[in-house]
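Colleague: Quick check, what structure comes out for this input:
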Amino acid sequence: MKLTPIIALALVSALPLTGCMAQDDGNSNIDQTLLEQYRSALPTQEQLSAPKVAATTAAANGQPALYPTASWPIVAGINGSVGMLITLLKTIVALPPTVYNSSTREFVWGPWPADDGVGYVAAYIKDTAGAGDFQYEYALVRGASNDLATLTPIIWGGATPDPSGADRGVGVTLWDFEADRAFHEAYDPNFDPSQGDRGRFATVWGKGEDQNAPGNELAFVVAVFRDFVPADDPTAAPNDLDYFYGRYTSAAHVVDFLDFETGIDVDEPKDGIREDVGIRMAFLDQGTGRAEADVVGGSMSANQSGSAVECWDTSLDETYLQYQVMDSGTPSQTYTEGTYGNCGMFQATLDDLNIPSLQDIDPNLLASLDQVATTGVPAN
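Modeller: Below you'll find the predicted structure:
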């Protein structure tokens, strides 16, 4: 089940909305079948959300596995941000489009006065007719006037749906919190700089049949947050997060996998200094599984590193856990719970089991995601 990259990221520039638009009365002049085809370009919650696999209960004599439990708040936070993005886009495009331009093959919603009382917002979905990197391009834009040519993308992306199945296809999306903040700073006299998320979120996603094993299906998301500060913790230092997750489905089994790298203060008691942490997990049929973690930097000395391995059973109760601290390549601390034989098939490493990881992703793809999440929408 080694992952073979099935797409290459091609960043989509937000195209200016130009041309002669024919005004629509709301519904009567619109081909509803065509409109639904365009709407299908927007990603769904299922396409962009990590699988919800978390230890929540323990057997009478067991304890929930540490890494699924500790990692779930991070995964839930990612899913929450993704959910807001999808809800925002789909709420707007669920309305009757304002105009359809048959020359440029695009539906436009708005521009309308923004709900927050500052400027105008609009959205569009455009069929590239083979001229773009994806079949469709889309954006949510906002600006100080109702001149479409002056509006700035807040959310933009592209997608190529796969008609062979629901939620299948490939796509890319950017959510630019910084562009939205810059707009408010420029035009909103009542703007509170302590409110709202900071940073940018960029993702590439795909779902489709495994070309090497017809009948099996692979769904995946590769994404990055850069300089992210959540709205519910506005005093937090900006943080980066790279993650890769997905689900491989065959007739016999479902394998969920997750790999992320971010800064976390792992010290107890907390000292306010983040270490560089990588956590990688796999679950068989949403139950038994294995985690592998590593930590460097932060409060650790230059010659120190830490690692951990954990296994759990079908109830996600821990069956084995080992921590190890290395000093100059020599173990200096080791802590073990349980017996390694209790890991069953997960005595094999995740690499040996051919579980996909961030290291399998094309470096050029990761570099492209990093660039757009760092600098924002590319200039036309």
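
Colleague: only C-alpha atoms for contact and neighbour calcs from this point on.
Modeller: Noted.

Colleague: Low-confidence bits of the chain, can you list those?
Modeller: The chain contains residues with pLDDT under 70 at 1-28, 51-62, 378-380.

Colleague: OK, contacts around the residue most central in space within it?
Modeller: Centroid-nearest residue in the chain: residue 223, 4.5 Å away (criterion: C-alpha atoms, centre = their mean). By C-alpha atoms under 8 Å, 6 or more residues apart in numbering, residue 223 lies in contact with 201, 202, 203, 204, 242, 243, 244, 369.

Colleague: Dump those residues to a markdown table, plus secondary structure.
Modeller: Shown next, in a markdown table, are the contacts of residue 223 (DSSP: H, G, I helix; E, B strand; the rest coil):
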| residue | secondary structure |
| --- | --- |
| 201 | strand |
| 202 | strand |
| 203 | strand |
| 204 | strand |
| 242 | strand |
| 243 | strand |
| 244 | strand |
| 369 | helix |
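
Colleague: where along the stretch 1-150 of the chain do the helices fall?
Modeller: Along the stretch 1-150 of the chain, counting by DSSP state H, counting those that start in this stretch, helices occupy 32-39, 45-48, 66-93.

Colleague: which of the ones you listed is buried the deepest?
Modeller: Highest mean neighbour count among the helices of the stretch 1-150 of the chain (mean count of other C-alpha atoms under 10 Å): helix 45-48, with a mean of 19.

Colleague: Export the contacts of residue 223 to TSV and append columns for neighbour count.
Modeller: Shown next, in TSV, are those (neighbours: other C-alpha atoms under 10 Å):
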residue	neighbour count
201	28
202	26
203	26
204	27
242	20
243	23
244	25
369	27
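
Colleague: okay if I get these as a markdown table plus distance to residue 308?
Modeller: Shown next, in a markdown table, are the contacts of residue 223 (distance: C-alpha to C-alpha, whole Å):
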| residue | distance to residue 308 |
| --- | --- |
| 201 | 29 |
| 202 | 29 |
| 203 | 28 |
| 204 | 29 |
| 242 | 20 |
| 243 | 19 |
| 244 | 19 |
| 369 | 29 |
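
Colleague: just to revisit the earlier point, which among the helices of the stretch 1-150 of the chain is found nearest to residue 170?
Modeller: Among the helices of the stretch 1-150 of the chain, the nearest to residue 170 by C-alpha to C-alpha is helix 45-48 (9.3 Å).

Colleague: Can you list the helices and strands that that closest one packs against?
Modeller: helix 66-93, strand 198-209, strand 217-229 (3 or more C-alpha pairs under 8 Å, 6 or more residues apart in numbering; DSSP states H and E).

Colleague: Quick one: those as a markdown table, columns for distance to residue 344 too.
Modeller: What follows is these, written out as a markdown table (distance: least, C-alpha to C-alpha, whole Å):
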| stretch | distance to residue 344 |
| --- | --- |
| helix 66-93 | 18 |
| strand 198-209 | 29 |
| strand 217-229 | 25 |
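
Colleague: Out of the ones you listed, flag the one nearest residue 269.
Modeller: helix 66-93 (16.4 Å).

Colleague: Can you name the residues bridging to residue 64?
Modeller: On the basis of DSSP bridges, residue 64 is bridged to residue 317.

Colleague: Do I have it right that it meets residue 318?
Modeller: Yes: assessed by C-alpha atoms under 8 Å, residue 64 is found in contact with residue 318 at 5.7 Å.

Colleague: Those two: which has the busier surroundings?
Modeller: residue 318 (27 against 21; other C-alpha atoms under 10 Å).

Colleague: how near is that one to residue 68?
Modeller: 10 Å (C-alpha to C-alpha, to the nearest Å).

Colleague: Reformat the helices of the stretch 1-150 of the chain as CSV; add distance to residue 288.
Modeller: Below are those laid out as CSV (distance: least, C-alpha to C-alpha, whole Å):
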stretch, distance to residue 288
helix 32-39, 38
helix 45-48, 22
helix 66-93, 11
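
Colleague: and residue 232, which of these is closest to it?
Modeller: helix 66-93 (10.8 Å).

Colleague: For residue 81, list the residues it contacts.
Modeller: By C-alpha under 8 Å, 6+ apart, residue 81 has no neighbours at all.

Colleague: Residue 127 versus that one, what's the distance?
Modeller: From residue 81 to residue 127 the distance is 27 Å (C-alpha to C-alpha).

Colleague: same deal with residue 233?
Modeller: For residue 233 relative to residue 127 (C-alpha to C-alpha), the value is 39 Å.

Colleague: Neighbour count: the two, which is higher?
Modeller: For residue 233 versus residue 127, the count of surrounding residues by other C-alpha under 10 Å is larger for residue 127: 22 against 12.

Colleague: how about the nearest residue to the more buried one, chain neighbours excluded?
Modeller: residue 136 (4.6 Å; C-alpha to C-alpha, 6 or more residues apart in numbering).

Colleague: Kindly report the same for residue 251.
Modeller: residue 216 (7.2 Å).

Colleague: wait, doesn't the one you found sit right on residue 249?
Modeller: Yes: counting by C-alpha under 8 Å, residue 216 touches residue 249, with 5.6 Å between them.

Colleague: Provide a list of residues in contact with residue 313.
Modeller: So residue 313 contacts 287, 288, 289, 319, 343 (C-alpha under 8 Å, 6+ apart).
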